[in-house]
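Student: need a 3D model of the following:
(4 chains)
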2 protein chains.
Amino acid sequence: MDSMGIMARKQTAADQALRLDNQICFAVYSTAHAFNRVYKPLLDRLGLTYPQYLVMLALWERDDVPVKDLGERLFLDSGTLTPLLKRLEAAELIRRTRSTEDERLVLIALTAQGHALREKAKAVPQSILAASACSVGELMAMKDEIVALRDRLNAVLGE
Amino acid sequence: MDSMGIMARKQTAADQALRLDNQICFAVYSTAHAFNRVYKPLLDRLGLTYPQYLVMLALWERDDVPVKDLGERLFLDSGTLTPLLKRLEAAELIRRTRSTEDERLVLIALTAQGHALREKAKAVPQSILAASACSVGELMAMKDEIVALRDRLNAVLGE
DNA sequence: GCAAATTCAATTGCGGACAATTAAATGTGA
DNA sequence: TCACATTTAATTGTCCGCAATTGAATTTGC
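Tutor: Now for the predicted structure:
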């Protein structure tokens, strides 16, 4: 059997690694889109897109913060956040005001409507949990693994 | 102690569920972006974006397929794929031709350059593996869990 | 065989994502 | 003090991602 004959049959490790089904990045990418699609009908009722929902989640934990702070918590930059925040402001869920102490900062604060929306949002996680068809314990374990992976990837970028 | 006093201290399950750090969807979302950022310098050398790379991975496995087929494998629709495929065609990595048997179909085939790019791409997965600072076994186990979650989410959408 | 339903890709419009650049405010060091 | 660097948000341009619509080709039911 000649070497070409062998090569034609043999799948090298590099060949296997290029298979879509073997790529964890594609698993993560396609799962993120699946989440987005499951969230959509739920968030439509709140008048939010999924990234806007994430911003609101962050603000419900702590508001009156500069754009930078939000960006660090969500891993997003001003190019993404500035237009998104302007849309939330147009929806009267937040206010954007220049800090008087440091005029470089734009502080993001929730309006009364923004705070109030939290009550309606409380039903969302339960629906997602149901759609995932998975126990809370399993999901949290998976989440911890994924976050650990994310943090290792981000650590490489910081070098 | 009055009930308001209790409420002020007590974090309900719904409150906990709204915390950003408790949300697996945010873990997946932010990890997808982290992957994207790690891939970027590697894919720049191939002249591909990350979604374009996924399309090429799919085509290296099987080409001469309709747009629909690609869409099903990648969970993307024609609104996303049509402009992306036109850019790959402009880069002379693929050809787009109407099927003569069924003129509704646009068949996507790799060019010689498209096939050749696969050799350069073989180095990519190894770099990603290194960045993930994780064994292949661990990554594949995680991948399987994430794919199972994705499939359950997509199953809900199909109902 | 033909009208109606279906399939498929393309298009349009909107909202992210991010790199690169800009401009203003602040901080720093001779 | 005053050049110089740094920090911050905004802007611009390019590329996804998807809902909704369009129009052409095909399949189906009668």
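Student: need the residues of chain A near DNA strand D, please.
Tutor: With C-beta under 7 Å from any atom of the strand as the criterion, chain A comes near DNA strand D at residues A:29, A:33, A:36-37, A:40, A:66-68, A:71, A:78-79, A:81-83, A:85, A:96, A:104-106. Heads up, the C-betas are built off the backbone N, CA and C, glycines and all.
Student: assess the claim that residue A:110 and residue A:61 are in contact.
Tutor: No - judged on C-beta atoms under 8 Å, residue A:110 makes no contact with residue A:61 at a distance of 10.8 Å.
Student: what angle do the helix or strand that contains residue A:148 and helix B:136-158 make?
Tutor: Residue A:148 belongs to helix A:136-157 when assigned by DSSP states H and E. Interaxial angle of helix A:136-157 relative to helix B:136-158 (axes from the mean of the first three to the mean of the last three C-alpha atoms, to 10 degrees): 120 degrees.
Student: who has more neighbours out of residue A:110 and residue A:61?
Tutor: residue A:110 (19 against 13; other C-beta atoms under 10 Å in any protein chain shown).
Student: so what's that one bridging to?
Tutor: residue A:94 (DSSP bridges).
Student: now it: how far from chain B?
Tutor: Residue A:110 sits 14 Å away from chain B, going by C-beta to the nearest C-beta, to the nearest Å.
Student: ditto for residue A:81
Tutor: 13 Å.
Student: also residue A:60?
Tutor: As for residue A:60, its distance to chain B is 6 Å (criterion: C-beta to the nearest C-beta).
Student: and that residue, how many neighbours?
Tutor: Count around residue A:60 with other C-beta under 10 Å applied: 18.
Student: which helices and strands does the helix holding residue A:148 pack with?
Tutor: helix A:124-132, helix B:24-44, helix B:124-132, helix B:136-158 (3 or more C-beta pairs under 8 Å, 6 or more residues apart in numbering or on different chains; DSSP states H and E).
Student: relative to helix A:24-44, how tilted is it?
Tutor: Using the same axes, to 10 degrees, helix A:136-157 lies at 120 degrees relative to helix A:24-44.
Student: output the below-cut-off pLDDT ranges for chain A.
Tutor: Across chain A, the ranges flagged by pLDDT under 70 are A:1-10, A:159.
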